[in-house]
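1. Any chance you could fold what I've pasted below:
(2 chains, ligands or ions: 2)
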Protein chains: 2
Amino acid sequence: MTWTFSAAAPVIDESGASRLAARSDRSGWAPDGTPRGVVVAHDIAEVQQTLAFASEHGFPVVTRGAGSGLAGGASAGEGAIVLDLSRLDRIVSIDPVDAVAHVQPGVSAAALDAAAAEYGLRYAPDPGSFSTSTIGGNIATNAGGNRAATTGSTRDAVLALDVVLADGSLVQLGRETVRGVVGLDLVSLVVGSEGTLGAVVGATLRLTPRPVGSAVAAATFADAEAGAEASAALALAGLRPVSIELIDGRTLEAIDALRGSALSQGAGAYLLVRAEGRGAEAEIAEVAAVLAQTAIEVETTGDDERARELASVRRDALAAIEARGPAIIEDVAVPRSRLAEAIRGIDEISESLGVDVHVLAHAGDGGIHPVLRLDDDGPASQLDAARTIDAILELALRLGGTVSAEHGVGALKRRWARIELGDSVVELQRRVQAAFDPNGILNPGKAL
Amino acid sequence: MTWTFSAAAPVIDESGASRLAARSDRSGWAPDGTPRGVVVAHDIAEVQQTLAFASEHGFPVVTRGAGSGLAGGASAGEGAIVLDLSRLDRIVSIDPVDAVAHVQPGVSAAALDAAAAEYGLRYAPDPGSFSTSTIGGNIATNAGGNRAATTGSTRDAVLALDVVLADGSLVQLGRETVRGVVGLDLVSLVVGSEGTLGAVVGATLRLTPRPVGSAVAAATFADAEAGAEASAALALAGLRPVSIELIDGRTLEAIDALRGSALSQGAGAYLLVRAEGRGAEAEIAEVAAVLAQTAIEVETTGDDERARELASVRRDALAAIEARGPAIIEDVAVPRSRLAEAIRGIDEISESLGVDVHVLAHAGDGGIHPVLRLDDDGPASQLDAARTIDAILELALRLGGTVSAEHGVGALKRRWARIELGDSVVELQRRVQAAFDPNGILNPGKAL
Ligand SMILES: Cc1cc2nc3c(=O)[nH]c(=O)nc-3n(C[C@H](O)[C@H](O)[C@H](O)COP(=O)(O)OP(=O)(O)OC[C@H]3O[C@@H](n4cnc5c(N)ncnc54)[C@H](O)[C@@H]3O)c2cc1C
Ligand SMILES: Cc1cc2nc3c(=O)[nH]c(=O)nc-3n(C[C@H](O)[C@H](O)[C@H](O)COP(=O)(O)OP(=O)(O)OC[C@H]3O[C@@H](n4cnc5c(N)ncnc54)[C@H](O)[C@@H]3O)c2cc1C
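-> Residues are numbered from 1 along each chain as shown, chains lettered A, B, ... in the order given. Ligands and ions are numbered 1, 2, ... in the order given. Predicted structure coming up:
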């Protein structure tokens, strides 16, 4: 085929290797076939040309950041054009008085945060893929992180977006000011739209001062349910530390196996609580007092070095599980008041279906990552995994929760998204999507 | 005409008095003609019946809360059905662990906040019309308040909405959990849509713990520009107190006239800074140190009674201005870094067009309420006011700001909204609106 663009032609990579790589993201899921080719865009004009060209020919377009997604959102199949924005990776400007950054979509949150730090500022959203994913991908998935319950998810940090629509036109959505109510909030709509409304080619992001002071509490409990109940007790006591991470006993065993530590001896769960700000030490003291009512042991520290050590348990958790064999990271949420119940239910599912499920939870807001550990990659294991995941998603909905807390619907959760949203809301979403992309060329078969 | 509903008929008030009252909101603006009648809904079914009926006949529907709006959003003209939701005013439930409230749309933020206080919680959005406006109206306008820069506007507090669409169908948007990324964010879209997407008949709202501790600083400056520059200095110093309110010299004179005080003697501006949380007193001490570099005088207090006295200057400001004659409350925002420049520009406009303009600003995020004081209600004064407002809106846009920080577009700012957004974004918004309301019966002629 011929790639004819109205103006200068973008670099198109039709090599087998690139096309193959673009078939999947970090979920490993790949659709049938291979994409037509990969356009690595180096400026906005190339993005516009690519989309105008695709529109003209009715070719599907899959916008891609770093491909770190866990829902198959960036996985591209037969006939698609992959629009890779990872090379648009400049931080355009940072204004220290407005505490606002202008960035291209390919920059990582870690790079932006480091640049902001020079002004005493930080970029608050902190997904685990902070250093490897792109901000464009974070915006498209509304990425969360450990602190999301208190400092917000990606959506809360976005003031304005430059978006190239399906027809190749460029629109500027939102505004430069923190306050403003003119027009429908199309910025919040594009955030989390998983590449179905347009390609994000620029963003105006809010920064916040780096926190003054921090403190950490780490506590062990008999089991994960007791840890979840302790986090509900913190909420009832009016405490909202910046993050509350819960790690279950199975995961502690994996960490012990990796490190040669003895965390799991005499403890069935680990709760890591972080407070920030001028009152951090006082807050952590109050946190510790509440935790002490049911914990086996509680340690608090205001020392950064010790805090890092206590936090390393959470940081190493995923690697420790993955060291034991193939793992699938799931992602649901339930109301905070149902967290203990959800953990009990996941345990029962794990037992009855015979798949090891580790639980990591953002306990402050009911986010849960059940991590399935498979014996091998074979079809029997995959089938067991699929049944286990279905049971967990069904449980999350039964408890008033959601089938995706932060990773997105992508290709993998479309059936469940429809169950969660209901047909009439899905139809409404489709109509809204069509207002942006009437011919449905943007990431078809994903999200909606 | 006959009001035929499929089921039990809602109470329809076709009396002249009700129809006349519904012609306007607190802006005073009224369109031509009078509405057909007012439906005072007592349950969701009545809302559904009204919208289905209106759809069938192609009658426009203006949803109305308390009518406290300042942009003519709820003002209803010839042929419209007014759908009054103020009687749906129940707080359905409050869950203290989840810190979530379920409410009907007619309840006021003040009533919800008072109910939340019994659990040590608060409803954070704090518009000046806290006690008089409805939460449905707050949601429809994304109402802000003094604290919005730090504790968020109404949008930040909304998790889920029950919405009756133009065709009378009821949809549930959003979710009960704080985290969640399934589907397009239609909740954020409905928030701020000024009654053009559907009637909000229920809301799930986030509550937050009532703050532990607070402290206040009040400072006087030579003029409002100096106050604005001091607030930029606070931002640069990494300080983000919960609110920073700026009051100009003209307003201080009005307050002196009302109270017999002497605030304006030797001071041309007043800056009121509030900090909350465990570190409030330490934060206010840092704030005071920055302010002291340029202020005439700075006072700090951790005492509630004294804090209330210091804050009364802001609380009485509007009444003091209105005591001098007819007043128009305007509403723009600029990036924080341009606030001093905006104030200087407003002063120049006031001088050159001969209309007294008082300035109240949410200095923490660049929100500005220029308050025009007219000599009388006559047509010459109205014309001067219109020219002054146009010049102020043009100034806000020139400085990278917005023509409405919180009051909305309503009927009064449509022309300016189009200038701010640009034709292509307005067309996109129209298409999105049509996805909800294909026949355009919801608040036509408003917002978009
Ligand atoms: C180790 C690990 C930890 C993780 N931790 C977290 C976590 O804590 N929280 C969390 O939310 N996620 C997490 N993730 C998931 C993933 O990193 C996020 O979803 C991330 O936001 C994806 O960014 P990306 O640049 O890799 O996007 P991709 O995977 O390339 O794409 C993701 C989706 O966004 C779309 N997209 C990408 N860029 C654009 C653009 N510029 N314009 C329009 N659409 C675009 C794609 O079409 C696709 O639908 C983790 C993943 C890994 C591997
Ligand atoms: C003294 C005073 C102080 C104010 N201070 C502030 C402030 O600090 N911040 C601020 O943002 N505003 C402020 N306002 C403006 C006004 O109070 C807000 O816009 C408020 O949110 C309007 O609520 P309401 O119930 O009066 O709505 P209305 O005026 O009745 O309606 C406003 C708009 O919302 C729509 N609407 C109302 N209810 C619903 C519903 N249930 N579903 C769908 N659409 C609906 C209407 O169609 C209309 O477009 C102030 C007003 C006054 C008079």
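
2. okay, CA-based contacts and neighbour counts for the rest of this
-> OK.

3. how deep is the nearest residue to A:Leu189 once chain neighbours are set aside tucked in, by neighbour count?
-> Leaving aside its sequence neighbours, A:Leu189 sits nearest to B:Asp185 (Cα to Cα, 6 or more residues apart in numbering or on different chains; 5.2 Å). Number of residues near B:Asp185 (other Cα atoms under 10 Å in any protein chain shown) recorded here: 23.

4. tell me which parts of the stretch 51-200 of chain A are close to ligand 1?
-> Within reach of ligand 1 by Cα under 6 Å from any ligand atom, the stretch 51-200 of chain A has these residues: A:62-70, A:73-74, A:85, A:105, A:127-129, A:133-134, A:136-138, A:140-141, A:143-145, A:194-195, A:198-200.

5. Buried members of these into ChimeraX, please.
-> Command for ChimeraX that selects the buried part of those, burial taken from 16 or more other Cα atoms under 10 Å in any protein chain shown:
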select /A:62,63,64,65,66,67,68,69,70,73,74,85,105,127,129,133,134,136,137,138,140,141,143,144,145,194,195,198,199,200
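
6. before we move on, back to that, need phi/psi at the residue nearest to A:Leu189.
-> For B:Asp185, the backbone dihedrals (degrees, to the nearest 10) come out as phi -80, psi 80.

7. So for it, what's the pLDDT?
-> For B:Asp185, the pLDDT comes out at 98.

8. distance of the closest residue to A:Gly37 other than its chain neighbours from B:Ser129?
-> Take A:Gly37 and drop its neighbours on the chain: the residue closest to it by Cα to Cα, 6+ apart is A:Glu14, 4.5 Å away. For A:Glu14, the distance to B:Ser129 (Cα to Cα, to the nearest Å) stands at 60 Å.

9. follow-up on the earlier one: keep only those of the residues of the stretch 51-200 of chain A next to ligand 1 that are in strands.
-> Mapping these onto strands (DSSP state E) picks out A:62-64, A:199-200.

10. now those as a markdown table including pLDDT?
-> Putting these into a markdown table (pLDDT from 0 to 100) gives the following:
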| residue | pLDDT |
| --- | --- |
| A:Val62 | 98 |
| A:Thr63 | 98 |
| A:Arg64 | 98 |
| A:Ala199 | 98 |
| A:Val200 | 99 |
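
11. closest to ligand 2 among the residues you listed?
-> For these, the minimum distance to ligand 2 (Cα to the nearest ligand atom) is 29.4 Å, reached by A:Val200.

12. That closest one pairs with what?
-> For A:Val200, the beta-bridge partners are A:Val163 (DSSP bridges).

13. From B:Gln429, how far out is it?
-> Look at A:Val200 and B:Gln429: by Cα to Cα, they are 18 Å apart.

14. Please tell me how far stretch A:353-367 is from the chain's geometric centre.
-> 15 Å (Cα atoms, centre = their mean, to the nearest Å).

15. now check it, is it near chain B?
-> Yes - for stretch A:353-367, a contact with chain B is found by Cα under 8 Å from any Cα of the partner chain, at A:365-367.

16. what's the first-to-last distance across that stretch?
-> 23 Å.

17. tell me the mean pLDDT over it?
-> When pLDDT is averaged along stretch A:353-367, the result is 97.

18. how about A:Ala417, what does it touch?
-> A:403, A:409, A:448, B:182-183 (Cα atoms under 8 Å, 6 or more residues apart in numbering or on different chains).

19. Flag the least confident of the residues you listed.
-> Note: of the contacts of A:Ala417, the lowest pLDDT belongs to A:Leu448, at 85.

20. What is the burial count for the residue lying closest to A:Arg179 once chain neighbours are set aside?
-> Excluding the flanking residues, the one nearest A:Arg179 by Cα to Cα, 6+ apart is B:Ala405, at 5.1 Å. If you count neighbours by other Cα under 10 Å, B:Ala405 ends up with 28.

21. Please identify the helix or strand for B:Ala405.
-> Under the criterion DSSP states H and E, no helix or strand holds B:Ala405.

22. tell me the contacts of it?
-> A:179-182, B:331-333, B:367-368.

23. likewise A:Ile12?
-> A:37-40.

24. Just to be sure, which of those are found in strands?
-> A:37-40.

25. quick revisit: can you redo the contacts of A:Ile12 as JSON lines with neighbour count, distance to A:Asp384 and pLDDT?
-> Conversion of the contacts of A:Ile12 to JSON lines gives the following (neighbours: other Cα atoms under 10 Å in any protein chain shown; distance: Cα to Cα, whole Å; pLDDT from 0 to 100):
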{"residue": "A:Gly37", "neighbour count": "21", "distance to A:Asp384": "35", "pLDDT": "94"}
{"residue": "A:Val38", "neighbour count": "26", "distance to A:Asp384": "35", "pLDDT": "96"}
{"residue": "A:Val39", "neighbour count": "23", "distance to A:Asp384": "38", "pLDDT": "96"}
{"residue": "A:Val40", "neighbour count": "20", "distance to A:Asp384": "38", "pLDDT": "95"}
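
26. a markdown table for those residues, including distance to ligand 2?
-> What follows is those, written out as a markdown table (distance: Cα to the nearest ligand atom, whole Å):
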| residue | distance to ligand 2 |
| --- | --- |
| A:Gly37 | 46 |
| A:Val38 | 45 |
| A:Val39 | 44 |
| A:Val40 | 44 |
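
27. Give the single residue among those positioned nearest to A:Arg398.
-> Nearest to A:Arg398 out of these is A:Val38 (Cα to Cα; 41.4 Å).

28. Bridged to the closest one, which residues?
-> Residues in a beta bridge with A:Val38, per DSSP bridges, are A:Asp13, A:Val82.

29. For the closest residue to A:Arg373 other than its chain neighbours, the count of nearby residues, please.
-> Distances taken as Cα to Cα, 6+ apart put A:Ala327 closest to A:Arg373, at 4.5 Å, once the chain neighbours are dropped. For A:Ala327, the neighbour count with other Cα under 10 Å is 22.

30. A:Ala327 is in contact with A:Leu372, isn't it?
-> Yes - applying Cα atoms under 8 Å as the test, A:Ala327 and A:Leu372 come out as touching, 5.4 Å apart.

31. Report the closest residue of the stretch 251-400 of chain A relative to ligand 1.
-> The nearest approach of the stretch 251-400 of chain A to ligand 1 comes at A:Leu318, 7.9 Å away (Cα to the nearest ligand atom).

32. The stretch 201-350 of chain A too?
-> In the stretch 201-350 of chain A, no residue comes nearer to ligand 1 than A:Val201, which is 5.8 Å away by Cα to the nearest ligand atom.

33. what's the burial count for the closest residue to ligand 1 within the stretch 301-448 of chain A?
-> Per Cα to the nearest ligand atom, A:Glu406 is where the stretch 301-448 of chain A lies closest to ligand 1, at 4.2 Å. Neighbour count of A:Glu406, defined by other Cα under 10 Å: 29.

34. picking up where we left off before, from B:Pro379, how far out is the residue of the stretch 201-350 of chain A closest to ligand 1?
-> 48 Å.

35. Settle it for me: which of these two has more neighbours?
-> A count of neighbours by other Cα under 10 Å puts A:Val201 above the other of A:Val201 and B:Pro379, at 22 against 9.

36. just checking, that one touches A:Gln104?
-> Yes - with contact defined as Cα under 8 Å, A:Val201 counts as touching A:Gln104 (6.0 Å).
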